[in-house]
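In: coordinates only, sequence not included:
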Ligand code: MRU
């Protein structure tokens with residue numbers, strides 16, 4: 001695949017409304033929702049019509065533009081959008097950039113944020129090519145979790161963007177995607193994206209990661225992130241921490257693809273990162289089909305925190321970062 005190929009898209013602006021590809025329905029059906037108010041956008045973020053930290057931020061920026069269009073209170077809309085999902089911090093970074101702008105400038109600024117995300121992902125991807133080339137010199141497997149590609153961003157992707165950029169640069173690799181229980185972003189979205197875009201990919205269940213690492217096929221693990229603390233601790237999709245521990249055991253480098261908007265300098269370490277807990281039915285059911293007793297208590301944190309000590313490098317649009325992070 002050439003680096004110029006247009007991959008899947010999940011977010012579009014159409015005259016006076018935000019169009020979102022409903023990620024709850026993928027890969028079985030491709031349904032676009034038309035949203036005309038900030039309240040609808042906040043709902044779409046909460047129920048995960050749109051998900052992935054950068055995509056949430058872009059949708060939120062358009063949501064603020066819709067608030068102005070509706071004549072709604074900007075501060076109320078901003079707070080409502082921010083509250084929709086608490087862990088991903090990219091939306092806060094974007095809303096802070098938009099805060100000082102006049103009403104008339106908001107839509108143009110939201111479009112610019114969308115374009116900037118794609119540009120940043122491409123730069124991040126390029127920054128990661130040499131890392132992946134080295135790591136995959138003798139083992140071609142790349143382990144990843146959740147969905148961090150075009151569907152999770154404005155386009156190209158972060159962790160999957162690194163994979164795209166490495167493939168375009170001629171690096172031979174094969175993605176192993178964890179299904180990512182309970183929401184199945186790996187099975188439903190990453191597998192779909194890889195097939196759509198010709199990225200070599202094998203799907204595994206989350207519990208197979210250790211056995212796969214033990215086979216010696218994996219040269220690197222690359223994940224995205226929803227919020228990174230100043231000390232490098234990284235919150236990402238539940239299951240990331242377990243992968244990091246396994247990778248350390250098997251001596252496999254563990255890379256975090258991190259657009260700099262994901263760095264929260266207000267969080268000294270991972271303990272300060274708020275972790276979203278979601279409805280227990282996501283665990284008791286699979287796509288609405290019960291698989292457990294309806295009354296069984298469930299713990300359903302959407303994210304976990306990988307300590308910086310388990311992370312080999314943080315790949316940003318500004319280059320590869322190691323600790324301590326550059327001062328902002
Ligand atoms: O709950 P989700 O699907 O929004 O979780 C997404 C992730 O954990 C991603 O890895 C993260 O947002 C980075 S996406 C480029």
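Out: Right, received. Where do you want to start? The structure displayed is predicted, hence computed values, not measured ones. Numbering: from 1, shown residues only.

In: Next, count neighbours for the residue of the stretch 151-300 of the chain found nearest the ligand.
Out: Nearest residue of the stretch 151-300 of the chain to the ligand (C-beta to the nearest ligand atom) works out as residue 224 at 2.8 Å. C-beta: built from backbone N, CA, C; applies to glycine. Neighbourhood size, residue 224 [other C-beta atoms under 10 Å]: 31.

In: Would you check that it makes contact with residue 161?
Out: No: with contacts counted by C-beta atoms under 8 Å, residue 224 stays clear of residue 161, the gap being 9.1 Å.

In: hmm, back to that, residues contacting the residue of the stretch 151-300 of the chain closest to the ligand?
Out: Listed by C-beta atoms under 8 Å, 6 or more residues apart in numbering, the contact set of residue 224 reads 52, 53, 146, 148, 152, 158, 159, 236, 237, 256, 257, 258.

In: residues shared between the contacts of residue 224 and residue 161?
Out: Common neighbours of residue 224 and residue 161 (C-beta under 8 Å, 6+ apart) are 148, 257.

In: about what we covered before: possible to save the contacts of residue 224 as a markdown table with secondary structure?
Out: A markdown table is the format used below for the contacts of residue 224 (DSSP: H, G, I helix; E, B strand; the rest coil):
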| residue | secondary structure |
| --- | --- |
| 52 | coil |
| 53 | helix |
| 146 | coil |
| 148 | coil |
| 152 | helix |
| 158 | coil |
| 159 | helix |
| 236 | strand |
| 237 | strand |
| 256 | strand |
| 257 | strand |
| 258 | coil |
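
In: what's the longest helix along the chain packed up against?
Out: Identified as the longest helix of the chain according to DSSP state H is helix 106-135. Applying 3 or more C-beta pairs under 8 Å, 6 or more residues apart in numbering; DSSP states H and E, one finds that helix 106-135 makes contact with strand 11-14, helix 53-70, helix 90-99, helix 159-168, strand 218-223, strand 254-257, strand 313-316, strand 319-321.

In: How about the third one, which residues are buried there?
Out: Right, helix 90-99. Neighbour counts over helix 90-99 (16 or more other C-beta atoms under 10 Å) mark 90, 91, 92, 93, 94, 95, 97, 98 as buried.

In: same question, the shortest one
Out: By neighbour count, and taking 16+ other C-beta under 10 Å as the criterion, the buried residues in strand 319-321 are residue 321.

In: Paired strands for that strand, with orientation please.
Out: strand 313-316 (antiparallel) (DSSP bridges).

In: and this structure, which of its residues are near the ligand?
Out: Applying C-beta under 6 Å from any ligand atom, we find that the chain lies next to the ligand at 51-54, 88, 146, 148, 152-153, 158, 185, 224-226, 236-237, 302.

In: where's residue 20, which helix or strand?
Out: For residue 20, the enclosing helix or strand under DSSP states H and E is strand 17-21.

In: Tell me the gap between that strand and the middle of its chain.
Out: Relative to its chain's centre, strand 17-21 lies at 18 Å (C-alpha atoms, centre = their mean, to the nearest Å).

In: Please name every helix or strand in contact with the helix or strand just after it.
Out: Counting by DSSP H and E, the next helix or strand C-terminal to strand 17-21 is strand 32-35. Counting contacts by 3+ C-beta pairs under 8 Å, 6+ apart, strand 32-35 is packed against strand 17-21, helix 38-46.
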